[in-house]
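1. Quick one: sequence and predicted model below, then my questions.
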Amino acid sequence: MSIVTRFAPSPTGLLHAGNYRTAVFAYLFAKHSNGKFIIRIEDTDAIRSKSEYIASIFEMLAWLDLTADETYRQSEHRPRHRELLEKLVADNTAYVSKETPQAPGDREEVIRFRNPGGTVSFTDMIRGEITTDVTDLGDFIIARSYDEPVFHFAVVVDDADEKVTHTIRGGDHISNTARQILIQRALGLPMPFYAHLPLIFDHTHKKLSKRTGAKALTEYRDLGYLPEAILNYLAFLGWNPGDDREYLSLEELVATFDLARVQKGSATFDEVKLLSVNQHWMRELTIDDFISHLNEASVDAEKLRKAVPLLKERAQTFGQAREMLSGELSCLFAEPELDRNVLLAKELPDHPGMTILALKSLSEAIISLPEGASSETVKEVVMPLANAEEAKGKGGRGAVLWPLRYALSGQERSPDPFTLISILGSAESVSRIRNAIAILER
RNA sequence: GGCCCUAUCGUCUAUCGGUUAGGACACAUCCUUCUCAAGGAUGGAAGCGCGGUUCGAUUCCGCGUAGGGUCACCA
């Protein structure tokens, strides 16, 4: 059997990670066995559905690299829905019912399904057999009018028409399944396999929802998360490959994915873990790719290239990386302002002027450095001077390295001076050191 | 409240009756070190409770408890 799965979002807002997670699972399951992955936009709610949300869904799915084999809009199927609705009413398995409107927008006439009662059960691929007593559902509404089918009806018809073999969706649909099966039977349609995914909780331990502050996936993209990280993290919420691997690419996920390893219990969305997954994937990037993701045109390109290792080691998102470029790492691109007292922080009281002497010999050593010297080379030249100071037994290496690093960075916390010099180049480094000496001599 | 689902470290999870209950993230300590970051090492940290079944239960069953989902003319 050729597998067909679908992702059926409703475009009534920007989708969050929980929504896209069902897309990820449906996609992985289909692609694992070379099946089809369908996207069906459930836009039957004409009032709340917005085209901008539809655009966003396709945009984000493309961003995640989840490509659909077919795409549909539920609203395109109106004629088909109408046809089957009429059939049901003609069969007397559904009927037009006079109503007293309870809320604004309510119709005076709706179509209700004649509930046969009894119990309905199905075998969920993740949870096993689930049985529901369908009697207490009553004669539920399946359409507001012949041209306005309600979700349960449209889903059943569309899944069948689109030849969906596996309906993979969130666990919050479990209780909808029984009534959908009832409609299926009345229509004589085949029942797909069902797989209800464990829900994703937020920090309040409730189903992820925009109402309680779940971020839209677009926000993560804008914050500088990598799609491969989101994908990786989402796939691991409620599933695991069965071994100790933690970082899998889309290709590897497709190869490994198995519904049998999907968890039954809900999982809590953990931004801290997401961050670390994202950092992993950032570190996998080549320097060029990293820079293009950074998209930071306002700084010196050559220095930026050299700063990438620093960013990879410190930033967990590209947003953070950009912040660093204008914050703690800004000294790489602009001359720092120095505070005389900080410069002298490691100066020994009985050695007035020691810092000046140290900086002077440092600048002499650094000026002779070859162009493009690596931080290791710099270290080989600078460290002996610091060690010599330590050998004197007074200030230690810090007496040399602290003023050096501060002269270069203007910050009490920064990357080590060797790395700074290798990025700044010897000329600029010496100029900054001389600037520091001038401040001390003032 | 009715119905349904779920239950291993703080979090994501491994274990498909027999393990010193493993890994990852986070955390702590140490090492490295002028600072920060990274890195390395080490450590603390879990089977919800009670009954069964069994030679043996985290694992199977029942009950309890807890949490969640769902009860729309939204999807």
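-> The structure has been received and is ready for your questions. Since the structure is predicted, the reported quantities are computational estimates derived from the model, not experimental observations.

2. can you give me the strands in chain A?
-> Using DSSP state E, the strands of chain A run over A:4-7, A:36-41, A:70-73, A:94-98, A:109-113, A:119-124, A:128-133, A:141-145, A:148-149, A:166-170, A:193-197, A:200-201, A:267-268.

3. hey, which of those is tucked in deepest?
-> Across the strands of chain A, averaging neighbours per residue (mean count of other Cβ atoms under 10 Å) puts strand A:4-7 on top, at a mean of 26. All C-beta spots, glycine's among them, are computed from the backbone N, C-alpha and C.

4. can that one be found next to RNA strand B?
-> No: between strand A:4-7 and RNA strand B, judged by Cβ under 7 Å from any atom of the strand, nothing touches; the nearest distance is 11.2 Å.

5. Could you list every helix and strand that that strand packs against?
-> Packing contacts for strand A:4-7, counted by 3 or more Cβ pairs under 8 Å, 6 or more residues apart in numbering; DSSP states H and E, involve helix A:17-32, strand A:36-41, strand A:166-170.

6. pLDDT of the shortest one, averaged?
-> Taken as a whole, strand A:166-170 has an average pLDDT of 97.

7. cool, the first one as well?
-> The average pLDDT within helix A:17-32 is 98.

8. ok, the nearest residue in space to residue A:111 that is not next to it in sequence to residue A:44 distance?
-> In this structure, residue A:111 finds its nearest non-sequential neighbour in residue A:143, 4.2 Å apart by Cβ to Cβ, 6 or more residues apart in numbering. As defined by Cβ to Cβ, to the nearest Å, residue A:143 lies at a distance of 10 Å from residue A:44.

9. shared neighbours, these two?
-> Shared contacts of residue A:143 and residue A:44, defined by Cβ atoms under 8 Å, 6 or more residues apart in numbering, comprise A:149-150.

10. Within range of RNA strand B, give me the residues from the stretch 151-300 of chain A.
-> A:151-152, A:154, A:171-176, A:198-199, A:201, A:205-207, A:236-240, A:242, A:244, A:246, A:261, A:263-268, A:270, A:272-273, A:275-276.

11. list the contacts for residue A:140?
-> So residue A:140 contacts A:112-113, A:115, A:152, A:179 (Cβ under 8 Å, 6+ apart).

12. Try it again at 6 Å.
-> The contact partners of residue A:140, by Cβ atoms under 6 Å, 6 or more residues apart in numbering, come to A:113, A:179.

13. For it, grab phi and psi.
-> Main-chain dihedrals, residue A:140, degrees, to the nearest 10: phi -70, psi 160.

14. ok, now which ones touch residue A:209?
-> Neighbouring residues of residue A:209 by Cβ under 6 Å, 6+ apart: there are none.

15. Residue A:379 too?
-> For residue A:379, the contacting residues are residue A:418, by Cβ under 6 Å, 6+ apart.

16. measure it to residue A:411 for me?
-> Going from residue A:379 to residue A:411 by Cβ to Cβ gives 20 Å.

17. what about residue A:335, distance to RNA strand B?
-> 18 Å (Cβ to the nearest atom of the strand, to the nearest Å).

18. Report pLDDT for that residue.
-> Residue A:335 is given a pLDDT of 94.

19. how many neighbours does it have?
-> 13 (other Cβ atoms under 10 Å).

20. Kindly tell me how buried residue A:153 is, as a neighbour count.
-> 26.

21. Point out where the stretch 201-350 of chain A drops to low pLDDT.
-> A:350 (pLDDT under 70).

22. what do you get if the cut-off is 80, keeping everything else the same?
-> Along the stretch 201-350 of chain A, segments meeting pLDDT under 80 span A:347-350.

23. In it, which residue sits nearest RNA strand B?
-> residue A:265 (2.9 Å; Cβ to the nearest atom of the strand).

24. Excluding chain neighbours, what is closest to that residue?
-> Leaving aside its chain neighbours, residue A:265 sits nearest to residue A:198 (5.8 Å; criterion: Cβ to Cβ, 6+ apart).

25. if I read this right, that neighbour contacts residue A:262, doesn't it?
-> No: the pair residue A:198 / residue A:262 is not scored as a contact, 7.2 Å apart, by Cβ atoms under 6 Å.

26. Need the residues touching each of those two.
-> Counting by Cβ under 6 Å, 6+ apart, the contacts common to residue A:198 and residue A:262 are residue A:238.

27. hmm, back to that, quick one, which of the residues of the stretch 151-300 of chain A next to RNA strand B are buried?
-> Neighbour-count burial (16 or more other Cβ atoms under 10 Å) applied to these gives A:151-152, A:154, A:171, A:173-174, A:198-199, A:201, A:207, A:236-240, A:266-267, A:275.

28. Report how many residues lie close to the closest residue to residue A:224 other than its chain neighbours.
-> Distance criterion Cβ to Cβ, 6+ apart; nearest residue to residue A:224, sequence neighbours excluded, is residue A:318 at 2.8 Å. By other Cβ under 10 Å, 22 other residues sit near residue A:318.

29. Thought residue A:293 was touching residue A:318, still the case?
-> Yes: between residue A:318 and residue A:293 there is a contact at 5.4 Å, judged by Cβ under 6 Å.

30. circling back to that earlier point, so for residue A:254, which of the strands of chain A sits nearest?
-> With respect to residue A:254, and counting by Cβ to Cβ, the nearest of the strands of chain A is strand A:36-41 at 10.7 Å.

31. so does that closest one get close to RNA strand B?
-> No: Strand A:36-41 stays clear of RNA strand B (Cβ under 7 Å from any atom of the strand), getting no nearer than 8.4 Å.

32. just how off-centre is that strand within its chain?
-> 21 Å (Cα atoms, centre = their mean, to the nearest Å).

33. same thing with stretch A:6-16?
-> Worked out by Cα atoms, centre = their mean, stretch A:6-16 lies 16 Å from the chain centre.

34. Go through it and flag the buried ones.
-> A:6-11, A:13-16.

35. Tabulate the residues you listed (TSV), appending distance to residue A:126.
-> Formatted as TSV, these follow (distance: Cβ to Cβ, whole Å):
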residue	distance to residue A:126
A:6	17
A:7	17
A:8	18
A:9	20
A:10	23
A:11	27
A:13	27
A:14	27
A:15	22
A:16	21
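
36. Name the member of these with the shortest distance to residue A:193.
-> Among these, and counting by Cβ to Cβ, the member closest to residue A:193 is residue A:6, at 12.5 Å.

37. so that closest one touches residue A:36, yeah?
-> No: using Cβ under 6 Å, residue A:6 is not in contact with residue A:36; the gap is 8.7 Å.
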